[in-house]
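**Student:** From the sequence below, what's the structure:
(chains A and B)
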Protein chains: 2
Amino acid sequence: MTQIYPKVALIGLGLIASSMFWAMKRRGVAGHVSGYARSQETRDTARRIGLCDTVCDSAAEAVTEADLIVLAVPVGVMGKVAAQIAPYLKPGATVTDVGSVKASVVGMVAPLIPEGVHFVPAHPMAGTEHSGPESGFATLFDNRWCLIVPQDGGDEAAVERLESFWQALGSNTERMELEHHDLVCAVVSHIPHLIAYTMVGVADDLRRVSDQEVIKFSAAGFRDFTRIAASDPTMWRDVFLTNKDATLEILGRFTEELFALQRAIRTGDGEQLFDYFTRTRAIRRGIIDAGQDTEAPDFGRTKIER
Amino acid sequence: MTQIYPKVALIGLGLIASSMFWAMKRRGVAGHVSGYARSQETRDTARRIGLCDTVCDSAAEAVTEADLIVLAVPVGVMGKVAAQIAPYLKPGATVTDVGSVKASVVGMVAPLIPEGVHFVPAHPMAGTEHSGPESGFATLFDNRWCLIVPQDGGDEAAVERLESFWQALGSNTERMELEHHDLVCAVVSHIPHLIAYTMVGVADDLRRVSDQEVIKFSAAGFRDFTRIAASDPTMWRDVFLTNKDATLEILGRFTEELFALQRAIRTGDGEQLFDYFTRTRAIRRGIIDAGQDTEAPDFGRTKIER
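**Tutor:** This next block holds a predicted model:
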């Protein structure tokens, strides 16, 4: 038992929040967990599957007396939710979020947090292509990174406590500066998702002229893309709208490189292609060495356990 | 025991050929399997791990008396290898290949096949990011597609026998017309690989300015790309050089779609992004329904068994 906060409130009950709940229960990280979701259907599901100790019918009720409040809603509505709960926050409480974009969230949420309440933005870098209250599992954060993005002049004790919390959920934590976070995430996550979405869209377009063959014969490369491209549309729409600058910068670099390879194909420059593909293979090796992936056929992914 | 050919010769001993050997042994699909690889090191490894009943020091020796000869070398050297073995082929034998591109291979190989020998091109759509003689495993082809691309006016019995062979190795088979094969594969496999290579290259570029953070924090999206981008550089160089027209056509469509999404991000058109991402999610569902992937956390990938 590693209780970090006596009472935790989860606002939003999707993949991340539900996984946080099961991970908290696994190690007794919270004394009591209340939860709220905007949709009645989600709240009903949560009650049915035992997600949260108490499922509340309002965000205000859920956050009352909470020591940690987790905003686990799409980035685009973080500000709206923060405004709803602000009057009900307990002095000394910590508000955090799990958004994939930080500059935009901080800009929307920070001004709404009352004096005496700490705001410590965070970003657990974990997920699957599934979403909703039933998609969560206790091991989602194990050995993954949770980036903590402290506010300038914020309370150090509150930051350290949130770090302990994420570590108790299984994550490694690292602090990162706001703008830098958004650039790194554009590269390792946002643009790869956009590209996967695009490729699947192209295939869909072709599918119409080739009688579902694309789906039927989807080889490994394309299958992996479709998995990525099956992620939650609302979440990803908000990511791209709110991390616009970094996204457009990396997209610019990507099309530049792609055009160089396209030119090599058109001109038949095999040496350039071979050199490029050899270099990217070495990068893969670096990722395995860094312990962020595995050579195992299942990629080290574990079965869902609650 | 389902013996289809008394003697099979494998020319090239990489991932595909070594997996074919273990799959043949699993069900007694061949009476005797001889193998040849250009490099002494590969032949030594093959002998050490028991890959092939006989490892020969020349392609000529390997194909002598063989009923099925499998060209399992990079697409770019198929013609060269076919020229080497042509004088030693037994009348009535079948030559096949496992190349990812068909028009180019047929153009190079078909003219070299002697009268009385059948040439039946094929393409097993299976692979991993590993390569070399030690990367093969018996279950690689299970429930995957092997596309058969018969020659106009070719021997029907030879085609049917090769289909039985691939089915005995665990594959589903389907016949496909030459040019159409290359277009479908450009979409489901070649372009996804090119894009993954490109994205990993972009990240590498950024890594230099951000102290390995990209590798350290590689989230699910990027990790999946690196796996694809770790595939054999020689094989992929040859694929792009030999499937140039279809590759460039699909690349054109891809950049068109990507620019449309980029524009939606720049102008803040959330509705367009949401609609696009919702559509691609449905495509993923189609792939699972078609039985070409699984919802299981390990993607249904099985452990290596010999």
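
**Student:** Which parts of the stretch 101-250 of chain A are helices?
**Tutor:** With DSSP state H, counting those that start in this stretch, the ranges of helices along the stretch 101-250 of chain A come out as A:103-109, A:156-168, A:178-185, A:191-207, A:213-216, A:220-228, A:233-242, A:244-267.

**Student:** And the helix or strand following the last one, what's buried?
**Tutor:** Along the chain past helix A:244-267, the next helix or strand (assigned with DSSP states H and E) turns out to be helix A:270-289. Along helix A:270-289, these residues count as buried under the neighbour rule (16 or more other CB atoms under 10 Å in any protein chain shown): A:270, A:272-274, A:276-277, A:280-281, A:283-284, A:286-288. Every residue, glycine included, has its C-beta placed from N, CA and C.

**Student:** Kindly report the same for stretch A:227-235.
**Tutor:** The neighbour-count check on stretch A:227-235 (16+ other CB under 10 Å) flags A:227-235 as buried.

**Student:** Dump the helices of the stretch 101-250 of chain A to CSV, plus distance to chain B and mean pLDDT.
**Tutor:** Listed next are the helices of the stretch 101-250 of chain A as CSV, based on distance: least, CB to the nearest CB, whole Å; pLDDT from 0 to 100:
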stretch, distance to chain B, mean pLDDT
helix A:103-109, 12, 95
helix A:156-168, 14, 98
helix A:178-185, 5, 89
helix A:191-207, 4, 80
helix A:213-216, 5, 68
helix A:220-228, 4, 71
helix A:233-242, 4, 92
helix A:244-267, 5, 93
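
**Student:** Quick one, which of those gets closest to B:Asp155.
**Tutor:** Ranking these by proximity to B:Asp155 (CB to CB) places helix A:213-216 first, at 26.1 Å.

**Student:** distance of the residue lying closest to A:Ala260 once chain neighbours are set aside from B:Val101?
**Tutor:** Once flanking residues are discounted, A:Ala260 sits nearest to A:Gln272: 7.9 Å by CB to CB, 6 or more residues apart in numbering or on different chains. From A:Gln272 over to B:Val101 the distance is 19 Å, taken as CB to CB, to the nearest Å.

**Student:** so A:Ala60 sits right up against A:Tyr88, yeah?
**Tutor:** Yes - with contact defined as CB atoms under 8 Å, A:Ala60 reaches A:Tyr88; the gap is 4.6 Å.

**Student:** quick one: which of these two has more around it?
**Tutor:** Neighbours of A:Ala60 and A:Tyr88, each counted by other CB atoms under 10 Å in any protein chain shown, are more numerous for A:Tyr88; the result is 19 against 15.

**Student:** could you give me the average pLDDT of stretch A:17-34?
**Tutor:** Averaged over stretch A:17-34, pLDDT sits at 97.

**Student:** per-domain residue ranges of chain A.
**Tutor:** Using automatic domain parsing, the domain parsing of chain A gives A:5-176, A:180-289.

**Student:** nearest residue to A:Ala37 other than its sequence neighbours?
**Tutor:** Of all residues not flanking A:Ala37 in the chain, A:Leu13 sits nearest, at 4.1 Å (CB to CB, 6+ apart).

**Student:** does the one you found sit in a helix, a strand or a coil?
**Tutor:** Assigned with DSSP: H, G, I helix; E, B strand; the rest coil, A:Leu13 falls in the coil class.

**Student:** hang on, it packs against A:Gln40?
**Tutor:** No - with contacts counted by CB under 8 Å, A:Leu13 stays clear of A:Gln40, the gap being 11.9 Å.

**Student:** Between the two, tell me which one has more neighbours.
**Tutor:** A:Leu13 (28 against 9).

**Student:** and the more buried one, what is it in contact with?
**Tutor:** Contact analysis of A:Leu13 by CB atoms under 8 Å, 6 or more residues apart in numbering or on different chains lists A:35-37, A:42-43, A:46, A:51-52, A:55, A:72, A:133.

**Student:** how about the host helix or strand of A:Ala17, does it reach chain B?
**Tutor:** For A:Ala17, the host element (DSSP H and E) is helix A:15-27. No - using CB under 8 Å from any CB of the partner chain, helix A:15-27 stays clear of chain B, with a minimum separation of 11.9 Å.

**Student:** Now that helix: buried residues?
**Tutor:** By neighbour count with 16+ other CB under 10 Å, helix A:15-27 contains the buried residues A:15-26.

**Student:** Quick check: the residue nearest to A:Ala260 touching A:Ala264?
**Tutor:** Yes - counting by CB under 8 Å, A:Gln272 touches A:Ala264, with 4.3 Å between them.

**Student:** Nearest spatial neighbour of A:Trp236, chain-adjacent residues omitted?
**Tutor:** Closest residue to A:Trp236 apart from its sequence neighbours, by CB to CB, 6+ apart: B:Phe277 at 5.4 Å.

**Student:** That neighbour contacts A:Met235, correct?
**Tutor:** No - under the criterion of CB under 8 Å, B:Phe277 makes no contact with A:Met235, lying 9.0 Å away.

**Student:** could you give me the average pLDDT of stretch A:130-147?
**Tutor:** For stretch A:130-147, the per-residue pLDDT averages 94.

**Student:** Pull up the distance across it, start to finish.
**Tutor:** Start-to-end span of stretch A:130-147 (CA to CA, to the nearest Å) is 22 Å.

**Student:** I'd like the distance between the residue of the stretch 1-150 of chain A found nearest chain B and A:Leu147.
**Tutor:** Proximity of the stretch 1-150 of chain A to chain B (CB to the nearest CB) peaks at A:Met125, 4.7 Å away. As defined by CB to CB, A:Met125 lies at a distance of 7 Å from A:Leu147.

**Student:** Pull the contacting residues for A:Gln84.
**Tutor:** Taking CB under 8 Å, 6+ apart as the contact definition, A:Gln84 lies against A:59-60.

**Student:** tell me the SS of A:Val73?
**Tutor:** Classified using three-state DSSP, A:Val73 is coil.

**Student:** these two touch, right, it and A:Val81?
**Tutor:** Yes - if you go by CB under 8 Å, A:Val73 and A:Val81 touch, sitting 5.4 Å apart.

**Student:** any common contacting residues for those two?
**Tutor:** Counting by CB under 8 Å, 6+ apart, the residues touching both A:Val73 and A:Val81 are A:11-12.

**Student:** For those two, indicate the residue with more neighbours.
**Tutor:** Neighbour tally, A:Val73 and A:Val81, criterion other CB under 10 Å: the higher count belongs to A:Val73, 27 against 24.

**Student:** list the contacts for that one?
**Tutor:** A:11-12, A:38, A:81.
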